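Engineer: give me the fold of what follows.
(chains A and B)
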Amino acid sequence: MITFEAVTKRYPDGTVAVDALDLTVPDGKTMVFVGPSGCGKTTSLRMINRLIEPSEGQILLDGTDIKTRHPAQLRRGIGYVIQQTGLFPHRTIEDNIGTVPVLNGWSRAKARGRAQELLTLVGLDPALAKRYPHQLSGGQQQRVGVARALAADPPVLLMDEPFSAVDPIVRASLQDQLLSLQAELRKTIVLVTHDIEEAIKVGDIVALFRPHGTLAQVAAPEELLAAPVDDYVEGFVGFDRGIRRLSFVPTAELVLSASAVLPADATVERARAAGEPWILVTEAPGGRALGWVAVEKLTALSGDALLAQAQTDAVGHSFVVGTDSLRAALDAAVLSPAGQAVGVDAAGRALGTASFDQLRAAIQTGTSEHDRATRREAPLP
Amino acid sequence: MMWSWIPSNGALIWQLTRQNAYLGVIPALIGLAISLPLGIIAARWRWLYPPVLTVFNILYVIPSLALFIALIPAFGLTDTTVIIALTVFSLCVILPNVVAGLLAVPPPVKQAATAMGYGPLRRLVTVELPLAVPVIIAGLRIGVVAGISLASVGQLIGVSSLGYLFIDGLQRSFPTEIWVGLFLVIALALVCDFILVGIRRALTPWTVRS
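Structural biologist: Numbering: from 1, shown residues only, chains lettered A, B, ... in the order given. Next up is the predicted model:
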């Protein structure tokens, strides 16, 4: 656990970078410091491993004031990842990763063995071990940076804009990697970013800073989207926060209808009798979806023809019921030719369809439950 | 060209070449030994660097012969006089490269090293100096080549080197001797330069692009 107690950083010229910060980072959680440039988020991060010393206040790591710790010893227990990777250009990948273990007194050989494990852990080919950093792509270098930070298995990981220098596709995959690593390792992570999307995606808790080093709001991502405390937070979170918060509402409560689903061996007559403008055709009852059929286009076929003979429009996106969020379901409905989202199970079998009306009902239920949970903390009008 | 002069004076030529190599290389190595600590201090306390550099730049504009003569009262017509003078000149080219090499280490690399838990001395020795090696050796190459060339001037105060072949050839109006001297000075400089390039490659395997 990392605790900031009334921490202020004032520079000799009078600039206040961080202003009386009180904040607790719980064990095993990812806390994201987010805010505009000059809000003190990076300064706050660097005070945790004493790259910057606070002017006032204290920072506790598991209850101990970090000022009482020897800086180099303290830092060997805190992983550190930066945007420019900071890999040592003169050392091979394995020796970069083995940096802290070797500082801790491990033999070179043992540290290289550990480097092999870490390369696999961060999704890199262990064959890269003998290369130099400049022989790797930016995304690969960033993964090596994460591996190096994890090498000595520190309980705390500090990440300063770790994914800002790579292209959006690589960034998304690095973020996913971090989420799956964190699910496995449960480190106490502090990550600095200026990107609210990244904060919402990777953070368990988001600390949104105002300019000049004060906190605007500290909350779980879904709460930040649902209940911004003021105009500043609302503005920073973005105009489509209503849609984005649906990412946190599960589809478990969504009512699916089966009336528009028919197997391929059903007759055109049955499709007409269903009373739906669009029919979702499946391989077999309870099987995978083959596509959408518009009932009004079935006029060319006789009533006893099979739906398998009819022309279908592709299903496109579907959503996995229970796993995907309402945002994915809404997205599936918007992109569907029938204006209906197709819900499937983990094996891809069609479970039913959801219309906009059904989605709206689920959105209202899902979000109001959330509001009830957060209303107590919201200010009175 | 009188080719037969070369084999009949082989022993003299070999002795002068060795002496010239000695007078050229030793000052550069001493210069490196002085430049490293001085450069580390100048890179650490940046305000020190401009005055130090100014002093060496002023020394650098002194003609080599004048410096030899200035040192004679103290050290006589000896190797020491030449080595001291050439060391001063080598400092002028090596020191700026030590400082530039250390300052060129990327700040994120230094920051990462500190954040990993390196102390200042360990960071200097295992991260900053290795990364400065290519720039430092570039300075050393200039120092060695200039030293070999300037060492021949020492002959004017009687300290033997390949310069002997120039002066003797001129006095005897014997161009073969001058050409041989010129060829050997250039060859010596090239050989030393190649050796230094080889050393740099061996010390900095990460700079070899595959």
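
Engineer: state the pLDDT value of residue 15.
Structural biologist: Because you didn't say which chain, this covers chain A. We note a pLDDT of 91 for A:T15 in this prediction.

Engineer: could you do chain B instead?
Structural biologist: Listed pLDDT for B:Q15 reads 93.

Engineer: and the helix or strand that contains it, what's buried?
Structural biologist: Element membership for B:Q15 (DSSP states H and E) is helix B:10-44. Of all the residues in helix B:10-44, those buried under the rule 16 or more other C-beta atoms under 10 Å in any protein chain shown are B:13, B:16-17, B:19-21, B:23-32, B:34-36, B:38-40, B:42-43. All C-beta atoms are positioned from the backbone trio N, CA, C, and that covers glycine.

Engineer: before we move on, what about stretch A:94-112?
Structural biologist: In stretch A:94-112, the ones that count as buried by 16+ other C-beta under 10 Å are A:94-103, A:106, A:111-112.

Engineer: just checking, what packs against the helix holding B:Q15?
Structural biologist: Helices and strands touching helix B:10-44, as assessed by 3 or more C-beta pairs under 8 Å, 6 or more residues apart in numbering or on different chains; DSSP states H and E, comprise helix B:49-61, helix B:79-103, helix B:129-151, helix B:163-171, helix B:175-203.

Engineer: for the buried residues of stretch A:94-112, which one is nearest A:P154?
Structural biologist: Taking C-beta to C-beta as the measure, A:P154 sits nearest to A:V100 out of these, at 7.8 Å.

Engineer: do you know how far that closest one is from chain B?
Structural biologist: 5 Å (C-beta to the nearest C-beta, to the nearest Å).

Engineer: mind checking how far that residue is from B:M1?
Structural biologist: Note on A:V100: its distance to B:M1, by C-beta to C-beta, to the nearest Å, is 65 Å.

Engineer: just the element for the closest residue to chain A within chain B, please.
Structural biologist: Taking C-beta to the nearest C-beta, chain A has its nearest neighbour within chain B at B:A112, 2.8 Å off. Applying DSSP H and E as the criterion places B:A112 in helix B:107-116.

Engineer: contacts for that helix?
Structural biologist: Applying C-beta atoms under 8 Å, 6 or more residues apart in numbering or on different chains, the contact partners of helix B:107-116 are A:49, A:51, A:75-76, A:78, A:80, A:82-89, A:99-100, A:103, A:148, A:158, B:123, B:127-128, B:131.

Engineer: so which other helices or strands are in contact with the next helix or strand after that helix?
Structural biologist: Later in the chain than helix B:107-116, the nearest helix or strand by DSSP H and E is helix B:120-123. Counting contacts by 3+ C-beta pairs under 8 Å, 6+ apart, helix B:120-123 packs against helix B:107-116.

Engineer: still on that earlier bit, now the helix holding B:A112 and helix B:129-151, what's the angle there?
Structural biologist: Angle of helix B:107-116 versus helix B:129-151, following axes from the mean of the first three to the mean of the last three C-alpha atoms, to 10 degrees, is 130 degrees.

Engineer: tell me the buried residues in helix B:107-116?
Structural biologist: Buried residues in helix B:107-116 (16+ other C-beta under 10 Å): B:P108, B:V109, B:K110, B:Q111, B:A112, B:A113, B:T114, B:A115, B:M116.

Engineer: same check, this time on stretch B:189-198
Structural biologist: Applying 16+ other C-beta under 10 Å to stretch B:189-198 flags B:A189, B:C192, B:D193, B:L196 as buried.

Engineer: could you list the domains of chain A?
Structural biologist: Split into domains by automatic domain parsing, chain A comes to A:2-248, A:261-364.

Engineer: JSON lines for the helices and strands packed on helix B:10-44, including distance to A:Q177 and mean pLDDT?
Structural biologist: Shown next, in JSON lines, are the helices and strands packed on helix B:10-44 (distance: least, C-beta to C-beta, whole Å; pLDDT from 0 to 100):
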{"stretch": "helix B:49-61", "distance to A:Q177": "44", "mean pLDDT": "88"}
{"stretch": "helix B:79-103", "distance to A:Q177": "35", "mean pLDDT": "93"}
{"stretch": "helix B:129-151", "distance to A:Q177": "29", "mean pLDDT": "95"}
{"stretch": "helix B:163-171", "distance to A:Q177": "66", "mean pLDDT": "92"}
{"stretch": "helix B:175-203", "distance to A:Q177": "35", "mean pLDDT": "95"}
